[in-house]
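Colleague: Quick check, what structure comes out for this input:
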Amino acid sequence: MNLLTDDFISTTIGKISLKTLLTSDTDYQLQYAFDEIQLAILQLLGSLSTVVIKPALNELKSYLKHGLTAEQYDLALCNVDLHWFDEKCFMRSTMPNESKIYSAPITKLVSGIECGGSEDASGLFSEVSQANIVCPDCIHVLNYNLHMNIKGECFSKFGATGIRGGGSLSTLISGENLKTTVLSNTVAIDFFESLRAITEPNNKLMWQDPMLGDIYYAHQIGLERGLFALAYHIDFSEIDENCICDVCGHQSNKSINEFRYLRYTGSYGSKKEGRDGGAQWWPHPFTPTTQNDKGVFPVCARDQNWQSWQDFSSYVLGRKTESSVTTPAFIVSQFRKLAPRKKVNLLIGGNIASKGSIKGRIYDLYSMPEHWDKDKLERIEKVIDTGLEIKDRLSRALNKIFAKKAVGYNTNFIVGIKNTAMQQYISNAQQIVQQLLLDIDRKEARILRKEALDQLQAEAKNIYQALMHKYQSDLPLFKALVKGEKILLEMSKLKT
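Modeller: Model prediction:
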């Protein structure tokens with residue numbers, strides 16, 4: 001099987017090839033059991049599409065408008081060495097001699113499943129059997145997921161930090177169908193190179209020309225090399241046994257249930273050793289970043305109580321503070337240049353990771369305006385800023401219960417009250433914000449701001465009033481909440 005010519009993409013009507021996906025008018029739907037793998041296959045397909053068609057920005061704009069023909073795909077394929085995308089070698093560099101090779105169940109390639117015995121190897125799911133056998137087609141997206149999305153700590157001291165860093169969020173364009181989604185996440189070669197301004201980097205795939213040395217310098221890594229950058233030597237063997245794949249659900253006459261691996265010894269700029277050694281950050285197209293005085297870092301989910309709406313403006317417009325600058329992922333900046341004037345969504349996905357544990361998952365879709373002009377994008381900012389202003393007011397109101405003279409309870413008890421209330425607001429605001437953004441094209445900024453104020457203020461008040469009702473018999477705590485309520489009621493003074 002070859003990833004550029006054969007059927008390996010799982011859909012609800014069977015397996016299809018990349019060529020079929022990009023050149024057909026059929027509205028295919030992906031079929032993968034875990035949203036983590038659904039995200040990884042979209043990343044992988046955008047990267048494979050980049051390798052095949054290698055479009056300039058204007059060509060990509062044309063493909064989005066008019067489509068790609070089978071003849072165009074075949075012509076582009078003539079310029080690709082297909083050997084490196086064969087299933088026997090794709091993203092599989094040769095294991096070094098005289099090194100100890102480690103093995104693990106295939107379950108470890110889905111980072112949300114608990115299958116380790118150590119304290120720092122827990123996941124979201126409790127049953128290993130949810131993904132303990134896969135078909136040969138799905139092993140490639142699982143392998144890609146390992147290198148691009150899974151934190152090294154999930155493999156304890158034997159793990160590696162990939163080119164994107166551990167626990168990075170991804171932002172992808174979600175088009176009107178699967179084909180336009182993949183094309184929208186295909187990298188325009190000329191635009192990417194113009195932003196990097198680096199001449200003649202190494203563009204050979206890493207299983208063709210493996211990385212050497214202790215530091216993997218970003219300026220030496222070309223686009224195709226970086227899109228499929230390796231963090232491990234890896235291998236797996238097929239078993240001649242029938243199975244129903246736990247990832248795609250399709251039947252196969254061969255199966256895979258374990259893999260062998262050995263981490264690379266060098267460091268990318270995503271790791272402290274790499275930053276200290278001058279590696280610098282490699283600008284992965286799907287990764288928003290934050291830069292501060294310590295370097296460039298991928299944007300990650302902060303903790304399991306965090307929701308993506310809180311930083312959504314920075315993923316689209318960027319954000320500058322006194323201490324840092326957040327930059328949208330390249331693919332988002334590219335889409336603004338493409339300006340196809342089509343309704344799309346922005347997909348934000350990734351793990352909420354803490355050391356070797358996966359505490360949660362982010363997989364959120366946001367409606368985006370048809371025209372990505374300054375006015376429309378500022379409407380997004382208005383909605384997000386409103387949610388953050390009310391979050392701040394709610395936090396300040398709740399701070400009144402920390403006054404020892406007024407309450408006098410154990411600090412952990414008081415912290416728990418505030419944290420629960422704040423988590424409830426942040427979580428409930430997620431759905432409110434996503435719903436408000438559905439009207440981004442139809443409503444003016446002033447109207448969106450007013451609706452955001454009304455709905456989010458009501459949510460904050462409901463949460464606060466529920467607390468007051470709960471503790472109305474606890475006089476010291478109730479009095480402190482009454483004082484805080486005055487701060488909350490001042491929200492009505494916020495300008496629309």
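Colleague: so where's the protein shaky on pLDDT?
Modeller: Applying pLDDT under 70 to the chain picks out residues 112-129, 340, 355-356, 404-408, 493, 495-496.
Colleague: Show me where it has its strands.
Modeller: Secondary structure of the chain (DSSP state E): strands at 9-11, 14-16, 102-105, 170-174, 232-235, 243-244, 251-252, 258-263, 289-292, 295-298, 319-320, 325-327, 345-354, 357-367.
Colleague: okay, those strands in CSV with distance to Asp311 and mean neighbour count next?
Modeller: Bear in mind the C-beta positions are built from the backbone N, C-alpha and C, glycine included. Output for those, formatted as CSV (distance: least, Cβ to Cβ, whole Å; neighbours: other Cβ atoms under 10 Å):
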stretch, distance to Asp311, mean neighbour count
strand 9-11, 31, 24
strand 14-16, 35, 16
strand 102-105, 33, 14
strand 170-174, 11, 24
strand 232-235, 30, 21
strand 243-244, 39, 15
strand 251-252, 40, 15
strand 258-263, 31, 19
strand 289-292, 10, 17
strand 295-298, 13, 19
strand 319-320, 8, 14
strand 325-327, 7, 18
strand 345-354, 9, 22
strand 357-367, 11, 19
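Colleague: Can you say which of those strands is nearest to Pro55?
Modeller: Distance to Pro55, taken as Cβ to Cβ, is lowest for strand 170-174 among the strands of the chain, at 14.7 Å.
Colleague: Tell me who's in contact with the residue nearest in space to the middle of the chain.
Modeller: The centroid of the chain falls nearest to Ser170 when counting by Cα atoms, centre = their mean (2.5 Å). Applying Cβ atoms under 8 Å, 6 or more residues apart in numbering to Ser170 gives the contacts Leu39, Gln43, Asn149, Phe286, Thr287, Ala329, Leu347, Ile348, Gly349, Gly350.
Colleague: what do you get for Glu273?
Modeller: Glu273 is in contact with Asp214, Ile215, Ser267, counting by Cβ under 8 Å, 6+ apart.
Colleague: what's the closest non-adjacent residue to the last one?
Modeller: In other words, Ser267. When the adjacent residues along the chain are set aside, Ser267 lies closest to Gly274, with 3.6 Å between them (Cβ to Cβ, 6 or more residues apart in numbering).
Colleague: hang on, isn't Phe297 packed against Thr289?
Modeller: Yes: Phe297 lies in contact with Thr289 (Cβ atoms under 8 Å); the separation is 6.5 Å.
Colleague: Common neighbours of the two, please.
Modeller: Trp281.
Colleague: The residue nearest to Ser267 and Ile362, how far apart?
Modeller: Separation of Gly274 from Ile362 (Cβ to Cβ, to the nearest Å): 25 Å.
Colleague: Please name whichever of the strands of the chain is nearest to Gln435.
Modeller: Closest to Gln435 of these, according to Cβ to Cβ: strand 357-367, at 9.0 Å.
Colleague: Restrict that closest one to CA atoms and write it as PDB.
Modeller: Output in PDB follows, covering the C-alpha atoms of strand 357-367 (Å, rounded to 0.1, in the frame of the first residue of the first chain):
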ATOM      1  CA  SER A 357      -1.400  12.000  32.000                       C
ATOM      2  CA  ILE A 358      -4.100  13.100  29.600                       C
ATOM      3  CA  LYS A 359      -6.600  15.000  31.600                       C
ATOM      4  CA  GLY A 360      -8.900  16.000  28.800                       C
ATOM      5  CA  ARG A 361      -9.400  16.700  25.100                       C
ATOM      6  CA  ILE A 362     -10.200  19.800  23.100                       C
ATOM      7  CA  TYR A 363     -12.100  19.400  19.900                       C
ATOM      8  CA  ASP A 364     -14.100  22.500  19.200                       C
ATOM      9  CA  LEU A 365     -15.600  24.000  16.000                       C
ATOM     10  CA  TYR A 366     -16.100  27.700  15.600                       C
ATOM     11  CA  SER A 367     -18.100  29.400  12.800                       C
END
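Colleague: Outside of it itself, which residues are in contact with it?
Modeller: The contact list for strand 357-367 (Cβ under 8 Å, 6+ apart) reads 35-36, 38-39, 111-112, 120-124, 154, 169, 174, 301, 303-304, 308-309, 312, 343, 345-353, 430, 434, 437-438, 440.
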